[in-house]
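A.B. asks: Fold the following, please.
(chains A and B)
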Amino acid sequence: NAGVTQTPKFRILKIGQSMTLQCTQDMNHNYMYWYRQDPGMGLKLIYYSVGAGITDKGEVPNGYNVSRSTTEDFPLRLELAAPSQTSVYFCASSWTGNNEQFFGPGTRLTVL
Amino acid sequence: EDQVTQSPEALRLQEGESSSLNCSYTVSGLRGLFWYRQDPGKGPEFLFTLYSAGEEKEKERLKATLTKKESFLHITAPKPEDSATYLCAVSTSGTYKYIFGTGTRLKVLA
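C.D. replies: Here you go, the predicted structure:
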C-alpha cells in the first residue's frame, strides 16, 4: 500500500493564482483531513470529510475549498492565492473519527 | 475552549539521558489521545493511541502514559535517531476534529 500520497511536493504561486493540491489514499478510509502547518504553530485543520460527498469546515477554512467525489481522493483548492497561505499542507486519513491518522508527505507552498 | 499544550517546546538530551515530554489537555470529553513523531520535511508518523486514564503503551525506547489531565511520553536511554518533533493530539466527544499541540522538538546528542 502506498498509504497517503500528495502532489505536488513543492509549488510557488503568484498572488491571485489558483491551484489544486491533490491527495489520494489507498486504505479505504472514510475520514480524510487537510491541515496546514506553520512554524511553531502546530497543525491547523482546514477541512475534513467523513465520507464521499460529505465535507465540513475546520478551524481555518477561509480561502480554501474541497470536494470528495470518491473515497480515495480529497483535493484541496486554493482560489486567489495570498501570501498568508504560504505554508506546508498535509493530508491525512483515518478509519473513524477516533482512530490514528495517517499522514501524507506534505506539499510546501510559497505564495509570492 | 478545548486546548492541548505541550512542554517543553524544545529539549536537548545527551545520548542515554532519559526524560519525559508532557502533553496537557483541557477538553469537554476526551475520546482518544495520540502521539506522533515528525521528522524535518516529512509528515507526522503515528506512535501511540491512549483511550483511558491509567493506560500505558510502549514501543522500543518510548512509553506513553495517560491521566485525566495529561499524557507523558517517556524516552528511556535515547539515541541520536530519536531526534525529532513529537506531537500530541486529542479527539473529543461530539466532533470528528482532532486538536494538535505545537510539539516538542527533541535533540539527542551523541
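
A.B. asks: Now residue A:95: closest residue in space that isn't a chain neighbour?
C.D. replies: Leaving aside its chain neighbours, residue A:95 sits nearest to residue A:29 (5.7 Å; criterion: CB to CB, 6 or more residues apart in numbering or on different chains). Where you see a C-beta, it was placed from the backbone N, CA and C, and this is true even at glycine.

A.B. asks: Can you give me the neighbour number for the one you found?
C.D. replies: The number of residues packed near residue A:29 is 20, by other CB atoms under 10 Å in any protein chain shown.

A.B. asks: Run through the residues that contact it.
C.D. replies: Going by CB atoms under 8 Å, 6 or more residues apart in numbering or on different chains, residue A:29 touches A:71, A:93, A:94, A:95, A:102.

A.B. asks: could you redo the last one with a cut-off of 10 Å?
C.D. replies: With contact set as CB atoms under 10 Å, 6 or more residues apart in numbering or on different chains, residue A:29 has these partners: A:4, A:51, A:71-72, A:74, A:92-96, A:99, A:101-102.

A.B. asks: ok, it to residue B:21 distance?
C.D. replies: 28 Å (CB to CB, to the nearest Å).

A.B. asks: do the same with residue B:96
C.D. replies: Residue B:96 sits at a distance of 26 Å from residue B:21 (criterion: CB to CB).

A.B. asks: Which one's more surrounded, the two?
C.D. replies: Shown here are residue B:96 and residue B:21; by other CB under 10 Å, residue B:21 has more neighbours (22 against 18).

A.B. asks: okay, and the helix or strand of chain B with the least pLDDT?
C.D. replies: Within chain B, no helix or strand scores below strand B:98-100, which has a mean of 92 by mean pLDDT, DSSP states H and E.

A.B. asks: Do you know the pLDDT at the nearest residue to residue A:101 once chain neighbours are set aside?
C.D. replies: Spatial nearest neighbour of residue A:101, chain neighbours left out: residue A:92 (4.1 Å); criterion: CB to CB, 6+ apart. As predicted, residue A:92 sits at a pLDDT of 97.

A.B. asks: what's the strand or helix carrying residue A:92 packed up against?
C.D. replies: Applying DSSP states H and E as the criterion places residue A:92 in strand A:87-94. Secondary-structure packing of strand A:87-94 (3 or more CB pairs under 10 Å, 6 or more residues apart in numbering or on different chains; DSSP states H and E): strand A:4-7, strand A:19-25, strand A:31-38, strand A:42-51, strand A:76-78, strand A:102-103, strand A:107-111.

A.B. asks: deepest of the ones you listed, which one?
C.D. replies: Most buried of the helices and strands packed on strand A:87-94, by mean neighbour count (mean count of other CB atoms under 10 Å in any protein chain shown): strand A:31-38, with a mean of 23.
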